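S.K.: requesting a structural model of the entry that follows:
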Amino acid sequence: MLTPSIFRENLWNDWMNDPFAEFDGLNHGRRGEHIMRTDVKEDEQEYEVDIELPGFKKEEVKAELKDGYLTVSAIKTENGQKDTNGKYVRRERYAGNMSRSFYVGENVTQAEIRAKFENGILTLLIPKKDPRKQVEEKHFVTIE
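M.R.: Numbers count the residues shown, from 1 in each chain. This is a model prediction of the structure:
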């Protein structure tokens, strides 16, 4: 049987292989495994984290720093438009939530992190800081 293809890619080959499906024992994919690809570069003063977020707008992306973890999340909702010429056989647009967390240290503050979103890539510049040295408390045993 002939199957439709576009640019030599068979549309039906991965019909049951949804890359956005959660692991359920049958489909071994993870939610969003092909989304939020991240590169981390390092120099003397800082880390540069580049996160791919294709198709997202700046307003749909959030970065939160809490307890030393920087969490980047993106929320994409479907636009609700319907096709008046028939029903879709397949749609390859992502709608949903996704997030990733990175431990940056508890002594990094929100004001020190710089971020920009350009051409579908979120770039975060995170300063390198030495971990705070905790003062060792001496505990003496009381001698009677």
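
S.K.: and Leu122, how many neighbours?
M.R.: 21 (other CB atoms under 10 Å). Where C-beta positions appear, they are placed from N, C-alpha and C, glycine not excepted.

S.K.: same thing with Thr71?
M.R.: 13.

S.K.: was I right about it contacting Arg100?
M.R.: Yes: the pair Thr71 / Arg100 is scored as a contact, 7.2 Å apart, by CB atoms under 8 Å.

S.K.: what average pLDDT does stretch 64-77 get?
M.R.: Averaging pLDDT along stretch 64-77 gives 91.

S.K.: show residues contacting that stretch.
M.R.: 36, 51, 53, 55-56, 60-63, 94-106, 108-110, 113, 122, 124, 126 (CB atoms under 8 Å, 6 or more residues apart in numbering).

S.K.: cool, and stretch 36-45?
M.R.: Counting by CB under 8 Å, 6+ apart, 47-53, 72, 74, 98, 100, 127-128 sit against stretch 36-45.

S.K.: pick out whichever of those sits closest to Arg90.
M.R.: Nearest to Arg90, judged by CB to CB, of the contacts of stretch 36-45 is Met98 at 20.8 Å.
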